[in-house]
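Q: Next comes the sequence, and after it the predicted model I'd like to discuss.
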Amino acid sequence: MRAFKLTSILLGSLLCSFLVSLLIVPFTHAKDFTLNGFTETVFIVSDVERSSLFYQQYAGWEVRSTEYVAPELKQLWQLPEKARLKQVLLANKGEQRGYVRLIQIDNVAQEIIRANTQSWDVGGIFDVNVRVADMATKRQQLQDAGWRGTSDPVSFTFGPYEVTEWIATGFDGISFAMIERIKPTLEGWPNVKHMSRVFNSTQVVDNIDKSLAFYRDVLGFQVYLEHKGASKDAGPNVLGLPYNLTTEIPRSVYILHPQKRNEGSVELLQFHGAMGKNVSAKAAPPNLGIVTLRFPVDNLPALKGYLLENEVQIVSQATLNLPPYGTVDMLAIRTPDQTWIEFYQAR
């Protein structure tokens, strides 16, 4: 009998502990949704026709859609009724992801998000990453067209790979990080003729631990790559730091993706010891530049509830037609760094 009572007491205690744990542990650990890497980046541009023609000529991209912009986008982007929008959807030939959507907005005041910035200036989306087939040729073409680099192209090795990289800025403060694989031969990218699809995008942040916690611990992204340190030798560097300071200014880098891929991935970058301005207050529609990344999700209501439980501010939500996906439900948030990102579910 005593054994029975002790067993009953023990079981009762365990049951109480379990029930209390349910009350204490937030439901935010249960994710009833699956996120994927971003499928497109959105550039707000001052002249959509000029930008479209430029990227067709210099990136080798093609037009996939010129459909009218759904009026519900004004709601999502909190634009006045008088705003007038036009769009062009671009893609690398042969690709079904890594799109660039160009949107022109008239009848509103606009600023360039990352105007007159250095690499270490914080805020907004710093660049998009593409592969190029011939860096020397592409650099000459873009320089002749008025683009400016943070530095000359820089060749370096990491692990078994030898690459050349160049970060350059064109219209509307939009920067591209262009990468050419030198060795070994690039495989799995048959459509790289000029520029590839967009596969990665960088945000320069002032507190990488806070940014990492959001993407990794809240959204559940996995770390694909991480690195922290200064350059081993002084000299040229792709980020445009003074040669004599490359060994003195460490950089922290994380690349993250829901499925741990470098495809629709987010790159976080912090400079430790190089301080500049913060443009994050401008990093939202209708301002000019790389304004957002769009991530597909299979259960938007579950994601919304999860974000609210984690005290993530949801800026807006709308249902709209968004080629090539059709009708989508979409919500916009601002990250802890005030970067504007969007999630969508196709109906």
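A: All right, it came through fine. Numbering: from 1, shown residues only.

Q: drop to CA atoms for contacts and neighbour counts, all remaining ones
A: Noted.

Q: which intervals of the chain have sub-threshold pLDDT?
A: Along the chain, the parts satisfying pLDDT under 70 run over 1-30.

Q: Can you show me the helices along it?
A: Shown for the chain, the helices assigned by DSSP state H span residues 2-24, 48-58, 72-77, 135-144, 208-212, 300-309.

Q: residues of the second one that come out buried?
A: By 16 or more other C-alpha atoms under 10 Å, the buried positions in helix 48-58 come out as 48, 51-52, 55-56.

Q: And those, which is closest to residue 168?
A: residue 55 (14.0 Å; C-alpha to C-alpha).

Q: show me the contacts for the closest one.
A: residue 61 (C-alpha atoms under 8 Å, 6 or more residues apart in numbering).

Q: what's the distance between it and residue 283?
A: Using C-alpha to C-alpha, to the nearest Å, we find residue 55 at a distance of 23 Å from residue 283.

Q: Check residue 191 too.
A: Residue 191 is 32 Å from residue 283, by C-alpha to C-alpha.

Q: These two - which one has more neighbours?
A: Taking neighbours as other C-alpha atoms under 10 Å, residue 191 and residue 283 compare with residue 283 leading, 25 against 14.

Q: wait, that one sits on residue 341?
A: No: Residue 283 sits out of contact with residue 341 when judged by C-alpha atoms under 8 Å, with a separation of 10.1 Å.

Q: roughly how far apart are residue 45 and residue 242?
A: Between residue 45 and residue 242 the distance, using C-alpha to C-alpha, works out to 31 Å.

Q: thinking residue 63 is in contact with residue 91, fair?
A: Yes: at 6.6 Å, residue 63 and residue 91 qualify as touching, with contact defined as C-alpha under 8 Å.

Q: More neighbours: these two, which one.
A: When residue 63 is set against residue 91 and neighbours are counted by other C-alpha under 10 Å, the residue ahead is residue 91, at 25 against 17.

Q: Run through the bridge partners of the residue nearest to the more buried one when sequence neighbours are not counted.
A: Across the structure, with C-alpha to C-alpha, 6 or more residues apart in numbering as the measure, the residue nearest residue 91 apart from its sequence neighbours is residue 99 (4.9 Å). The residues paired with residue 99 through beta bridges, assigned by DSSP bridges, are residue 40.

Q: Over to the one 5 residues further on?
A: Beta-bridge pairing for residue 104 (DSSP bridges): residue 45, residue 86.

Q: sorry, back to before: the residue nearest to residue 91 and residue 65 touch, don't they?
A: No: using C-alpha under 8 Å, residue 99 is not in contact with residue 65; the gap is 10.9 Å.

Q: So if I had to pick from these two, which one is more boxed in?
A: The neighbour count for residue 99 versus residue 65, taken as other C-alpha under 10 Å, is higher for residue 99 (22 against 15).

Q: what separates the more buried one from residue 345, distance-wise?
A: Computed with C-alpha to C-alpha, the distance linking residue 99 and residue 345 is 17 Å.

Q: on that earlier part again, higher neighbour count, residue 45 and residue 242?
A: residue 45 (28 against 13).

Q: OK, contacts around the more buried one?
A: By C-alpha under 8 Å, 6+ apart, the contact list for residue 45 reads 51, 102-105, 171-172, 288-289.

Q: same deal with residue 260?
A: 221-224.

Q: thinking again about what came up before, return every residue with contacts to both of residue 99 and residue 65.
A: With C-alpha under 8 Å, 6+ apart, residue 99 and residue 65 have common neighbours 89-90.

Q: Tell me where the stretch 101-250 of the chain has strands.
A: 127-131, 148-149, 154-158, 161-169, 175-183, 200-204, 222-229 (DSSP state E, counting those that start in this stretch).

Q: What's the local residue count around residue 292?
A: Other residues lying near residue 292 total 23 when counted by other C-alpha under 10 Å.

Q: on that earlier part again, enumerate every residue touching the residue nearest to residue 91.
A: 39-41, 89-92, 197-198.

Q: Including distance to residue 214, could those residues go into TSV?
A: Formatted as TSV, the contacts of residue 99 follow (distance: C-alpha to C-alpha, whole Å):
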residue	distance to residue 214
39	20
40	21
41	20
89	29
90	30
91	29
92	31
197	26
198	23
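
Q: By neighbours, which of the residues you listed wins?
A: Of all the contacts of residue 99, residue 197 has the most neighbours under the rule other C-alpha under 10 Å, reaching 30 neighbours.

Q: Near the nearest residue to it once chain neighbours are set aside, how many other residues are there?
A: Residue nearest to residue 197 in three dimensions, not counting chain neighbours: residue 98, with 4.8 Å by C-alpha to C-alpha, 6+ apart. With neighbours defined by other C-alpha under 10 Å, the count for residue 98 comes to 22.

Q: Is it correct that residue 98 is in contact with residue 262?
A: No: in this structure residue 98 lies outside contact range of residue 262 using C-alpha under 8 Å: 11.7 Å.

Q: joint contacts of these two?
A: The contact lists of residue 98 and residue 262 share residue 199, where a contact means C-alpha under 8 Å, 6+ apart.

Q: Let me see the backbone angles for residue 273.
A: phi 110, psi 0 (degrees, to the nearest 10).

Q: can I assume it is in contact with residue 252?
A: No: here residue 273 lies out of contact with residue 252, judged by C-alpha under 8 Å, at a distance of 11.3 Å.

Q: if you count what's nearby, which of those two comes out ahead?
A: Using other C-alpha under 10 Å, the more surrounded residue of residue 273 and residue 252 is residue 252, with 17 against 12.
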